[in-house]
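Colleague: Sharing a model prediction with you, sequence too.
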Amino acid sequence: MTVRLLEEHVVNQIAAGEVIERPASVVKELVENSLDAGAKTLEVLLVDGGKQRIRIRDDGEGMREQDAMMALERHATSKIRWAEDLTQVGTLGFRGEALPSIAAISRFQVVTRHAEEAEGHRVRVEGGTLTDVRKVGSPVGTEMDVRSLFFNVPARRKFLRTRGTELSHCMETLHRVALMRPDVDVHVRHGERDLLRAPRADLQTRAVDVLGKEARDLVSVAVERDGVMVSGLASPPGSRGRSAASGALYLYVNGRWVKDMVLRRAIYQAYRDLIDRGRYPLVVLDVRVPPGEVDVNVHPTKAEVRFVRPREVTAALAEGLRAQILASRRMPEPRQRPARGGYQVDRPSLPLRSQAPWALPAHPDDAPPTGSGGPAVPPLRRPEPPPPPPVAPPAPVLAPAPPPSPPPSPSPSPPDSPPESPPMAAEGSVGNRRDVPLRHRKLLGVARRRWVVLEGGDGLQVIDGARAALQVALRQQGGGARLLVPARVTLSPDDQQRVLDQVDELASLGLDLAPFGPREVAVKAVPVALVGTDPEVLLAATASALRRAVDVATTWGERMEPPPLDPDPHEVRTLLATLDELGIAPPMRQWRWDELP
């Protein structure tokens, strides 16, 4: 075996695969650079959903020629210098990988002018090769122009979705930016059509511009507790909310958008008993902590963070948010809500300190997992000191409450034997037992990018993870992917009438339909999670669900072929926690230890 150094253009293409997934990734990186440069105006042009062209203009400080050339080198950045700087990052971008990665897989051009120079500079790169550098006239600021994304990597380009799908991802990225920075003018066009015009304003006005009229009812939030500050807007109690988390929860940490599941669960805790189950509150919240108490360098796209003090952060978010939204409507704390003394997290999902491998994040509303060397704690009830009887904790957020059962008496377990638990299903049987939350079970691995293998104190479980992920995606999706050419599907007259009677409800799930002829229906958009599914098969499953008066999204999750599961351990643990929160019982086979050879 011969070991050799890779060519520079190969290294850049590999780096691009880690940073650039789709046009929305390019939009995110370039817009963040503009904001870090002090831009107060952003103009974004997209063509063909960003696949053909992405152009971003800003009025930031601009760059000199030498800086513009250096910005296209790997590991080059103006935002950090020493390793210690990583603990005090205050900018959105800092890794120095985005521009060379983008230039390696596109026809790239940057035109920039520094405020102290009389003329600007233009640099062109094609597929990672520098083709032209010259002086040009330009206003102060920077214009990044990306054309023909993945033109030299056809294997990556063929995995891009339809124009509508890619455009929706780009717009979601720009919505996050617009809500994060209401002090910046944002103008977005797709071809000749204006998609977003948001002049600089206060956060409430910006939320209406981006999220629609329902944002007018959002209440202001300002919480300061234990060195943690939470500010923004949130739905009042009793609001309708939205049917999916995507497009409803906009969370930021020190001005950076994140998708942290611990923070999301804190918000669900705050809205417990205040919003219909299965609905998501509309929130735009920024959590501020000292830069040294949060690590933003744990994910290639910086979409995940971890805290030094996760309990204090989640308590400030959950309890402070709940107190303020109740006060906004002069509502007392509901009597049925038990006093739990604050939102507590036994372990953060991404801890800074050491943690056993494959450990799963704890949830405040579940009993802690049993240990192998101590008394077995019943999973459904917490035993109180005698003589009072055990008291059942409330059901997990957004999950149905399990039927009550008398708790077993705790008794010490031998060090090498698993703790006692209720008997499992017989070998090969399919069940959905939820006595022990999925996130409290030890993750052994993922087989064939579909089957998740777990170890619990009571035995071995194998979950259809790919189908479970599809069910979660159908619950949390934020709209549909429009078809370039609507598909015509023939149905029976009765089935046609059924689906057209529910056209508004189906549209909320991402399935956009219209009548087309006596027995035909035109499919104009399909759920994002089901892109690539045959519209005829999708309509057949939809009609069957309506005929049987069962949930349509559940039927899709059961019948449609799921895409491969991401085997990354963090993604799998996040999926398990989400299944617990949403009350989804995935297909599972389980065996007791005494049934295994």
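Modeller: Arrived safely, thanks for sending. Numbers count the residues shown, from 1 in each chain.
Colleague: What backbone torsions are found at the residue positioned nearest the centre of the chain?
Modeller: Per C-alpha atoms, centre = their mean, the C-alpha nearest to the average position across the chain is that of K259, at 4.7 Å. Main-chain dihedrals, K259, degrees, to the nearest 10: phi -120, psi 40.
Colleague: Endpoints of stretch 62-71, how far apart?
Modeller: 12 Å (C-alpha to C-alpha, to the nearest Å).
Colleague: who touches it?
Modeller: Stretch 62-71 has contacts (C-beta atoms under 8 Å, 6 or more residues apart in numbering) with 37, 76, 78, 99, 110, 112-115, 117, 120-121, 123, 133, 135, 140-142. Every C-beta, even on glycine, is put in place using the N, C-alpha and C of the backbone.
Colleague: Using PyMOL, define a selection of the buried residues within those.
Modeller: Those of those that count as buried under 16 or more other C-beta atoms under 10 Å are selected in PyMOL with:
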select buried, resi 37+99+110+112+113+114+120+121+123+140+141+142
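Colleague: still on that earlier bit, the residue nearest to the centre of the chain contacts V253, correct?
Modeller: No - with contact defined as C-beta atoms under 8 Å, K259 does not reach V253; the gap is 10.6 Å.
Colleague: tell me the domain boundaries of this structure?
Modeller: 8-82+92-200, 205-328, 425-597 (automatic domain parsing).
Colleague: so for the last one, what's the average pLDDT?
Modeller: Same thing as domain 425-597. The average of the pLDDT scores along domain 425-597 is 79.
Colleague: Repeat that for the shortest one.
Modeller: What domain 205-328 shows for mean pLDDT is 87.
Colleague: Could you do the first one as well?
Modeller: Over the span of domain 8-82+92-200, the pLDDT mean works out to 87.
Colleague: now it: how far from the chain's centre is it?
Modeller: 22 Å (C-alpha atoms, centre = their mean, to the nearest Å).
Colleague: Check stretch 571-581 too.
Modeller: So, by C-alpha atoms, centre = their mean, the centroid of stretch 571-581 is 12 Å from its chain's centroid.
Colleague: just stretch 480-487 next, same as before
Modeller: 24 Å.
Colleague: I would like the residues contacting it, please.
Modeller: 161-165, 168, 507, 509-512, 514, 516, 522-528, 531, 535-536.
Colleague: Separate out the buried members of these.
Modeller: 161-165, 168, 509-512, 516, 522-528, 531, 535.
Colleague: So which residues of the stretch 51-200 of the chain form strands?
Modeller: Listed in chain order, the strands of the stretch 51-200 of the chain (DSSP state E, counting those that start in this stretch) span residues 53-58, 107-113, 120-126, 129-136, 141-147, 185-190, 193-198.
Colleague: got TSV for the ones you listed, with distance to T205 too?
Modeller: Shown next, in TSV, are those (distance: least, C-beta to C-beta, whole Å):
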stretch	distance to T205
strand 53-58	22
strand 107-113	31
strand 120-126	34
strand 129-136	37
strand 141-147	25
strand 185-190	13
strand 193-198	9
